[in-house]
Every structure is written in C-alpha cells, then in structure tokens.
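Colleague: starting from these lines, generate the structure:
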Amino acid sequence: MGNPCHYALFELQPAFDLDLDKLSVRYREMARKVHPDRFADGDEAEQRRAVEQSANLNEAYQTLRSPSRRARYLLTLRGREMPLEATVQDPSFLMQQMQWREELESLQDEADLDGVITFKARLKRAQQSVNDSFSRIWEDDSQREEAERLVRRMQFLDKLSQEVRQLEERLDE
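Modeller: Residues are numbered from 1 along each chain as shown. A predicted model of the protein is given here:
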C-alpha cells in the first residue's frame with residue numbers, strides 16, 4: 001500500500017484542526033530517529049531507506065503544517081484528487097482578490113510600512129475565517145464543492161501573504 005497516510009505517520013487522526021506545537025515536537029523526535037546520518041555505517045539499502053523515510057517524514061510534516069496543503073490533503077483522503085485549476089467559479093472572491101491586489105500595489109507605491117502591517121493583520125483574519133469555514137464543512141461530502149472553493153481561497157491567501165512579507169522586508173531595509 002506504499003506510504004502510510006501523513007496523519008498515521010504522526011499517529012494522528014485525520015483532522016483539519018491540529019495542535020501544531022505537538023506536531024512539531026513529534027516531527028523533531030521522529031526526524032532524529034530516521035536521520036540519514038544515523039545510518040552512515042549501515043549498508044546501502046539501510047542508507048537509502050533512511051533517506052526515503054526522512055523525505056517522507058519531511059513531506060508529511062510540510063503538508064500538515066500548512067493549512068492550505070493540509071486541507072487539500074484531507075479532501076484527497078476523502079475521495080478524488082482535487083484539480084489544481086480553479087474550475088469552481090468564485091466571483092465574489094475574485095472581486096476581493098482584485099481589491100487586495102490594488103491595495104497592495106498602492107502600499108508598495110507609497111512605501112507605506114504601517115499600512116503593510118495593518119494589511120497583514122487583515123489578511124491573517126481573512127485566513128483564519130476561511131480556515132474556520134473549512135474546518136466546519138470538510139467532512140460533509142455534500143459540501144465538497146464549497147470545501148474545494150475554500151482550499152483555493154486558502155492557496156490565494158498563502159500567495160498574497162508571501163508577497164506581503166516580501167514587501168514588508170523590502171520596506172524594512
């Protein structure tokens with residue numbers, strides 16, 4: 001059956017709401033056990049297995065740590081792979097995206113660091129709200145389309161947050 005599920009790897013039940021501190025502690029414990037350096041004296045097969053286990057553990061951890069990747073993964077566990085392309089029309093969110101982008105552009109033009117910090121806080125609240133909505137519905141198969149729409153929103157917000165952080169760093173220099 002190939003790789004165990006990411007959750008099983010950390011002895012967790014599939015869920016969207018996770019204790020990330022606990023996850024990190026568990027990850028560090030396991031990473032030490034499978035670290036390839038520990039098998040430096042082992043034969044080639046052991047070394048290869050260690051590298052593989054280490055890579056799987058890393059992938060599982062990165063997936064579960066990120067709300068958008070975790071959400072996507074949960075939907076995959078509950079059925080089919082989610083298409084990457086946005087097939088779901090989401091006009092209200094598209095309008096919101098355009099507003100955010102315009103706002104970010106003008107913050108950049110004005111080199112407004114305080115504005116960027118405020119924007120970042122608003123973005124964090126938006127992310128929290130999308131995460132909360134997803135958390136409420138992801139197990140309900142009749143809400144599958146809405147759950148996928150929320151994952152796409154999460155992915156957009158991730159990208160936007162990254163751009164905001166980069167802008168903040170540039171303005172902070």
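
Colleague: against residue 122, how distant is the one residue sitting closest to the centre of the chain?
Modeller: A centroid search over the chain (CA atoms, centre = their mean) returns residue 66, at 2.5 Å, as the residue closest to the centre. Separation of residue 66 from residue 122 (CB to CB, to the nearest Å) stands at 20 Å. Placement of C-beta: from N, CA and C, glycine included.

Colleague: then residue 77?
Modeller: Separation of residue 77 from residue 122 (CB to CB): 32 Å.

Colleague: chain center to stretch 118-128: distance?
Modeller: Its chain's C-alpha centre and that of stretch 118-128 lie 16 Å apart, by CA atoms, centre = their mean, to the nearest Å.

Colleague: show me what the helix or strand in which residue 128 is found is packed against.
Modeller: Under the criterion of DSSP states H and E, residue 128 resides in helix 113-137. Here helix 113-137 touches helix 67-77, helix 91-109, helix 144-172, going by 3 or more CB pairs under 8 Å, 6 or more residues apart in numbering; DSSP states H and E.

Colleague: do you know which of those helices lies nearest residue 32?
Modeller: helix 67-77 (23.4 Å; CB to CB).

Colleague: and that closest one, what's its mean pLDDT?
Modeller: When pLDDT is averaged along helix 67-77, the result is 95.

Colleague: tell me the helices and strands packed up against it.
Modeller: Under the contact rule (3+ CB pairs under 8 Å, 6+ apart), helix 67-77 is packed against helix 44-65, helix 113-137, helix 144-172.

Colleague: okay, how far is it across stretch 7-14, tip to tip?
Modeller: 6 Å (CA to CA, to the nearest Å).

Colleague: quick check: buried residues in it?
Modeller: 7, 9, 10, 12, 14 (16 or more other CB atoms under 10 Å).

Colleague: off-centre distance for it?
Modeller: Counting by CA atoms, centre = their mean, stretch 7-14 comes out at 17 Å from the chain centroid.

Colleague: now swap in stretch 161-173 and tell me
Modeller: 20 Å.

Colleague: need the contact partners of it.
Modeller: Under the contact criterion CB atoms under 8 Å, 6 or more residues apart in numbering, stretch 161-173 has outside partners 104, 107-108, 111-113, 116-117, 119-120, 123-124, 127.

Colleague: how about 7 Å then?
Modeller: 104, 108, 111, 113, 116, 119, 120, 123 (CB atoms under 7 Å, 6 or more residues apart in numbering).

Colleague: what about the closest residue to the last one other than its chain neighbours, neighbour count?
Modeller: To tie it back to what came earlier, the one meant is residue 123. Nearest residue to residue 123, sequence neighbours excluded (CB to CB, 6 or more residues apart in numbering): residue 161, at 5.7 Å. Residue 161 has 15 neighbours, counted by other CB atoms under 10 Å.
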